[in-house]
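J.: Whatever this is, show me its structure:
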Amino acid sequence: RDAGQISVSTDSESDAGSVLIDATDIAITGGAVVESDTQGTGNGGEIVINASASVTVSGEQSAIRSTTSARGDGGRIGVRADRVVVADQGAIQANLESDPRLGQPGPDRDTRAGEIAMHARNLEVSGGAQVTSDNVTQGQGGDIRIAVTEVVQLSGSSDNGSRPSGLFSTTAGRGSAGSVQVSATDLSMEGLASINTSSIGAGDAGTTVIETALVSLNNGARVTSSTSGDGDGGQVTLRAEERIHASGMGSDGIGSGFYSDVEAAAAGDGGTILLAAPAITLVDGANVSARTRGSGNAGTITINAGQTLKLQNAASITTASTESGPAGSVQVSATALSMDQLAAINSSTLGAGDAGTIQVEATRVSLSNGARVTSSTGGAGDGGQVTVRAEETIHASGIGSDGIGSGFYSDVTVSVGGTEGDASGRGGSIDLRAADIRLSQQATVSANSDGGGAAGTISIQAGEALTLTEQARVTSETSGAGSGGNIGL
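T.: Below you'll find the predicted structure:
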């Protein structure tokens, strides 16, 4: 503590020595640092910290750090304890950087940052603390590997909210970012806590792989992959043996959930999102979202719920394009899909890129109180096809607080301030198939155009019965230059 330091380094062709700390409890606080550094062609030394009870890294500037700024590989960081706590802006870092002041060649394509490997019964990261792998060179970023037998808890941010707690892997150079891998019984994320892989350069973002029994994201917690450069976003894969749950909004107005973003002017493609669990629940504004605001493709979203997928109270699964890059597809499979209170599955485009397709495969599908599945275009790109196939029932009923009925929608819509010519893309088709299809209480299946593009077609095939009651409707309308769509029953 008190800015104490334990360090090993090399600035030559010789490898640095290792650091080994073995004790019952180990605390790195008050700006103290344990560090391995290479500024030459020799490799950085390994940092090994073993505690039979706890390892704590706490406080601003307190850190365990591995840095390489030349041709040598970074030293590995290994932490093993019953309980690991990283708190109050403390950090565990693996950095790959370039410093021309050293008079040494910078990292080349074969240079690797050090790996961060953590083994514990419980891991807690809070108060703006971060575990990070950063790469600003043509070398390869270091992987972050978390293996916990019980609970990984990521919570909150720094006091001013500017620094979220969590696990982060970033590249700003030509080299790829490292992957983030988490294995635990329970992953719990609260507040603005984040697991994030990103590219802001030519290198690709790292993959995120989470394997656990239970996952809970609350009050704005999120798992994110993004690109704002030429590099591609990383794939996000989450497999839970029991349940995935996301709920609530963060203090920044963004919902808890899973995100893949292609930022403005980015050419890289977005990463895919794959969620798999017996039960998946999104409530109170939680999101699964893949969007592009650049020329790169948005990532696809695949959700496999072995039993139930529930969306409630404005929760959504969304893929979107606002520029030339196409939106990604949405693929959902579940035994029972239940959507309520303005919950939505959306695919949209406002630019030249096409909207993605939406495909739902289930035994039973239920939409109520304004829940909807929607494809829309307000630009030159075409709307995406909506396909819903249920072995037993598709049931939509009721209207939402916005006055719009539950149901299935395909829209060609002129944006505020736009013209019919701006919305020149064709509307996506709607294809519903089930043994029993029931629409009630103003539920709607609609293909509409108020722009220049033609409205989409509607196909409904009910093996046993198609029932419309209480002002439910199936409709195709046009109020612009675009032609109306056909309806086939």
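J.: Could I get the full set of strands for the stretch 251-400 of the chain?
T.: With DSSP state E, counting those that start in this stretch as the criterion, the stretch 251-400 of the chain has strands at 257-262, 273-283, 287-292, 301-312, 316-321, 330-340, 344-349, 358-368, 372-377, 386-397.
J.: Adding mean neighbour count and distance to Asp15, write those strands out as a markdown table.
T.: To be clear about C-beta, it is placed using only N, CA and C from the backbone, and glycine gets the same treatment. Shown next, in a markdown table, are those (neighbours: other C-beta atoms under 10 Å; distance: least, C-beta to C-beta, whole Å):
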| stretch | mean neighbour count | distance to Asp15 |
| --- | --- | --- |
| strand 257-262 | 27 | 39 |
| strand 273-283 | 23 | 39 |
| strand 287-292 | 27 | 43 |
| strand 301-312 | 21 | 44 |
| strand 316-321 | 26 | 48 |
| strand 330-340 | 22 | 48 |
| strand 344-349 | 26 | 53 |
| strand 358-368 | 22 | 53 |
| strand 372-377 | 28 | 57 |
| strand 386-397 | 21 | 58 |
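J.: Of all these, which one comes closest to Glu97?
T.: Closest to Glu97 of the strands of the stretch 251-400 of the chain is strand 257-262 (C-beta to C-beta; 25.0 Å).
J.: avg pLDDT for the closest one?
T.: Throughout strand 257-262, pLDDT has a mean value of 95.
J.: strands paired with the helix or strand encompassing Ile64, and their directions?
T.: Using DSSP states H and E, Ile64 falls within strand 63-68. According to DSSP bridges, strand 63-68 forms sheet pairs with strand 33-38 (parallel), strand 91-96 (parallel).
J.: now it, how far from the centre of its chain.
T.: How far strand 63-68 lies from its chain's middle: 27 Å, per C-alpha atoms, centre = their mean, to the nearest Å.
J.: Stretch 427-439 too?
T.: The answer for stretch 427-439 is 29 Å, by C-alpha atoms, centre = their mean.
J.: This protein: helices as residue ranges?
T.: For the chain, none of the segments meets the definition of helices by DSSP state H.
J.: okay, and for it, where does confidence drop off?
T.: Applying pLDDT under 70 to the chain picks out residues 1-2, 99-106, 415-423, 482.
J.: still on that earlier bit, okay, buried residues for the strand holding Ile64 please.
T.: For strand 63-68, the buried set under the neighbour-count rule, 16 or more other C-beta atoms under 10 Å, comprises 63-68.
J.: in the sheet, who's paired with the residue nearest to Arg239 when sequence neighbours are not counted?
T.: Nearest residue to Arg239, sequence neighbours excluded (C-beta to C-beta, 6 or more residues apart in numbering): Ala276, at 4.8 Å. Beta-bridge partners for Ala276, by DSSP bridges, are Arg239, Asn304.
J.: doesn't Glu242 make contact with Ala276?
T.: No. Applying C-beta atoms under 8 Å as the test, Ala276 and Glu242 come out as separate, 11.6 Å apart.
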